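Visitor: structure of the sequence below:
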Amino acid sequence: MDTILTDNNFKPDEFNPVAIAKSICKQFKFKRLELNITQSELASKSGVSLGSIKRFETTAEISLKNLLMIALVVGSSDEFLQLFTRKNYKSIEEVISSGKVKTRKRAR
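Guide: Residues are numbered from 1 along each chain as shown. Down below sits the predicted model:
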């Protein structure tokens with residue numbers, strides 16, 4: 001599983017975990033600089049170590065917990081709530097045409 005996230009597999013044109021991580025990292029750094037927050041200030045305000053922040057901005061590697069902690073500081077935590085959301089139907093016809101929607105309790 002670790003081989004998925006290596007630079008050896010990174011191809012900029014592909015939609016893969018490395019490309020997504022690097023894009024998130026780039027967008028985060030832009031936002032941090034836009035807010036005029038230094039890495040040290042971010043570490044102090046978020047409780048994430050300076051080393052973790054530096055590693056994130058250079059290699060795009062960070063734990064989910066630390067990513068959420070720094071996202072709170074830069075005001076981007078709401079975006080995480082949009083991940084894995086369920087489909088919102090616009091009309092009853094849409095619900096009927098999609099068939100019966102059953103909420104799964106577990107995978108098989």
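
Visitor: show me where the protein has its helices.
Guide: 17-34, 39-46, 50-59, 64-74, 78-81, 92-97 (DSSP state H).

Visitor: mind putting those helices into CSV with distance to residue 107, mean pLDDT and mean neighbour count?
Guide: In this view, the C-beta of every residue, glycine as well, is placed from N, C-alpha and C. CSV is the format used below for those (distance: least, Cβ to Cβ, whole Å; pLDDT from 0 to 100; neighbours: other Cβ atoms under 10 Å):
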stretch, distance to residue 107, mean pLDDT, mean neighbour count
helix 17-34, 21, 92, 15
helix 39-46, 34, 97, 16
helix 50-59, 31, 96, 15
helix 64-74, 21, 96, 16
helix 78-81, 22, 86, 10
helix 92-97, 23, 75, 10
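
Visitor: for residue 106, find the nearest of those.
Guide: Set against residue 106 and scored by Cβ to Cβ, the helices of the chain come closest in helix 64-74, at 22.2 Å.

Visitor: against which helices or strands is that closest one packed?
Guide: helix 17-34, helix 39-46, helix 50-59, helix 78-81 (3 or more Cβ pairs under 8 Å, 6 or more residues apart in numbering; DSSP states H and E).

Visitor: can I get the ones you listed in CSV including distance to residue 68?
Guide: Output for the helices and strands packed on helix 64-74, formatted as CSV (distance: least, Cβ to Cβ, whole Å):
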stretch, distance to residue 68
helix 17-34, 12
helix 39-46, 9
helix 50-59, 12
helix 78-81, 6
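
Visitor: right, and those helices - which one's nearest residue 97?
Guide: That would be, of the helices and strands packed on helix 64-74 and by Cβ to Cβ, helix 78-81, which comes in at 27.9 Å.

Visitor: ok, and what's touching the closest one?
Guide: Helix 78-81 is contacted from outside by 68, 71, using Cβ atoms under 8 Å, 6 or more residues apart in numbering.

Visitor: thanks a lot, see you next time.
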